[in-house]
Structures are given as C-alpha cells and as structure tokens.
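*Asks:* I would like the atomic coordinates for the input below:
(chains A, B and C)
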Amino acid sequence: MNHWLLKTEPDTFNVADFAGLPARTTSWDGVRNYQARNYLRDSMKVGDSAFIYHSSCAVPGIAGITRIKHAGYPDDTAFNKRHPHYDPDSDPANPRWYMVDVQLQRALKRVITLEELRTHASDKLSGMLLLRAGNRLSVTPVEERHWRFILSLE
DNA sequence: GCCAACGTTGGC
DNA sequence: GCCAACGTTGGC
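*Replies:* Residues are numbered from 1 along each chain as shown, chains lettered A, B, ... in the order given. Just a heads-up that it's a prediction; the model follows:
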C-alpha cells in the first residue's frame, strides 16, 4: 500500500466536512494539474492511505487521514459548464482530468503544522516533496518512512 | 495583499 | 522547440 498527501483549502473543504458526507466519503475532484492527474489516474489504488493537508490558511498542516476507496476515474465536473471546475477541453470520450474517492479514517488528534514539519526537513523528513521549495503539487506521494515519522509526531 | 515559484499557453 | 507572458499557488 502506498501513501499520499492531498492538499485542500479548508475554506473550500476540510477534514471536519467529511462528517457530513455519506460514509464519510467524497470524490476528490477539481485537480487540474497534469502531474497530479497522473498520480490520481495511474498510481493511486484502493486501500492506499492519504494525509489531508490544509493549505492557504492561518495554520497550514496535516489534519487527517483518509483511505482510497475508488481508484482513478474521470472527473465529470470538467464536463459541466456550470461547474467551477469546468474545462471545455476535456472531452468525455477522452477525459483529461481524473479523480478518486477517499474516505476519512480519522482526524489527527492535532494538526501537524507545516512549521513543525519543516523543523525535520533536513533529517527525518529529508526529501519530502511537500517541503521542497516552491512545491505546488496538490497530490504527492509520501514515502513510508516519512508517513511513519509524521504519525509518530502526533 | 505581496510576491516568488511554478505550470501553461501561444506566437514565432 | 523556444521562451516570454500570463495565471495560479500558497506561505508569509
């Protein structure tokens, strides 16, 4: 099983919002970056786990753990003209964008902040993509050793 | 709100 | 295929 990190802006969707969803499960739609798309489409498998990371907010950090419940399938919000994620160039016969379904396992006992993660950037978390300067990818793989270490901080 | 870093677009 | 212009991300 692989591990991942999914970014979300908590004003739009956050870990607490899972509580109001059937089976605490949602489709992770709206990813509009090719590298992130490739991870969703080609690499994420049912049973993989993913951190939910809150970005563009007062205290950015990892807030919850989800499990992949459905592997990559076409993101149909790209086909809906009235949807904010509409992309006229995504053809239903040859979809450009993909999404997965994720189910919340649990919120973390506390948010493990970006600030705290950075203090480990040169040792235990060396090489972690999230901490790389200028990183903007909203879907990134997380190495097993990084995953375990982050959970040990909780 | 600023701005650096990055991805995408489009003219050539 | 190059690369400048532009739009977006996301920490601060």
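*Asks:* and the one residue in chain A that gets nearest to DNA strand B, how many residues sit next to it?
*Replies:* Per CB to the nearest atom of the strand, A:Gly134 is where chain A lies closest to DNA strand B, at 1.9 Å. (C-beta placed from N, C-alpha, C; glycine too.) By other CB atoms under 10 Å, 4 other residues sit near A:Gly134.
*Asks:* That one belongs to a strand?
*Replies:* No. A:Gly134 is assigned coil when assessed by DSSP: H, G, I helix; E, B strand; the rest coil, not a strand.
*Asks:* so what's it up against?
*Replies:* Neighbour list for A:Gly134: empty [criterion: CB atoms under 8 Å, 6 or more residues apart in numbering].
*Asks:* And for A:Gln105?
*Replies:* The neighbours of A:Gln105, taking CB under 8 Å, 6+ apart as the test, are A:49, A:64-67.
*Asks:* Now name the helix or strand holding it.
*Replies:* Assigned by DSSP states H and E, A:Gln105 belongs to strand A:98-113.
*Asks:* List the buried residues of that strand.
*Replies:* A:98-102, A:104, A:107-108, A:111-113 (16 or more other CB atoms under 10 Å).
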